[in-house]
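>>> missing the sequence, but the structure's below:
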């Protein structure tokens, strides 16, 4: 899953990025508000971590702009402002959660996973599709209770496709959500990851469950 951090404190932003990437997220950073607003408008993120106290543009104004443009990406406000009125204002304007500095990285990760889960209409922290279970928090996968061992990027691909089930998702959409902005769109990496993932799932299920729809993309079929 791909996150955008809009935070002018470079040390804090870099710390958040490093910790979240260790948990499997792909993270882009904007240290100034206007740049972050443009990135959030142009790119598709799974969640945005938004500071309010930015030097060039208040985070509340960025939030108002995004919601006025019908960008529904979940937003977690991260700020030193702890007044109840500020929290209520942010939530009233469309923020999905609120985290006051200082905070623990473990809580930030959990809140990011929670807002993404709610945005995709899930209540359970585990994605279950037939005999397939995908555990985002532990980054593990099982088929009929047996562990399916995946490399990091293979897990990222499966998690995104499973999150969008039963929809068919294009390769471009998958790449946009599992790589950061440094990814080369002409790379064959995604095709390699899809191929390896397909084989591992087929070995576990004894049949193909990662389905390719020509001209459209990929989906999961766990039914016999």
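Looks like it came in fine. A quick note: this is a predicted structure, and the numbers were derived from the prediction, not measured. Numbering: from 1, shown residues only.
>>> how far out from the middle of the chain is the lowest-mean-pLDDT helix or strand in the chain?
Every helix and strand of the chain was ranked by mean pLDDT, DSSP states H and E. The lowest is helix 84-92, at a mean of 81. Between the centre of helix 84-92 and the centre of its chain there are 24 Å (C-alpha atoms, centre = their mean, to the nearest Å).
>>> Same check on stretch 200-207?
For stretch 200-207, the distance to the chain centre is 26 Å (C-alpha atoms, centre = their mean).
>>> The helix ranked longest in the chain: what's the following helix or strand?
If you go by DSSP state H, the chain has its longest helix at helix 189-205. Going down the chain from helix 189-205, the next helix or strand is strand 210-213, by DSSP states H and E.
>>> Pull out the buried positions in that following strand.
Using 16 or more other C-beta atoms under 10 Å as the test for burial, strand 210-213 gives residue 210. (C-beta placed from N, C-alpha, C; glycine too.)
>>> Beyond that strand, next helix or strand please.
In N-to-C order, the element after strand 210-213 by DSSP H and E is strand 217-220.
>>> what's that following strand in contact with?
For strand 217-220, contacts defined as C-beta atoms under 8 Å, 6 or more residues apart in numbering pick out 129, 132, 161-162, 165-171, 173-174, 194, 209-213.
>>> what's the average pLDDT for stretch 12-19?
In this model, stretch 12-19 has an average pLDDT of 95.
>>> Distance from the chain centre to it, please.
That offset, for stretch 12-19, works out to 16 Å (C-alpha atoms, centre = their mean).
>>> Now tell me what touches it from outside.
Contacts for stretch 12-19 (C-beta under 8 Å, 6+ apart): 5, 7, 27, 29, 31, 49, 101, 105, 108, 109.
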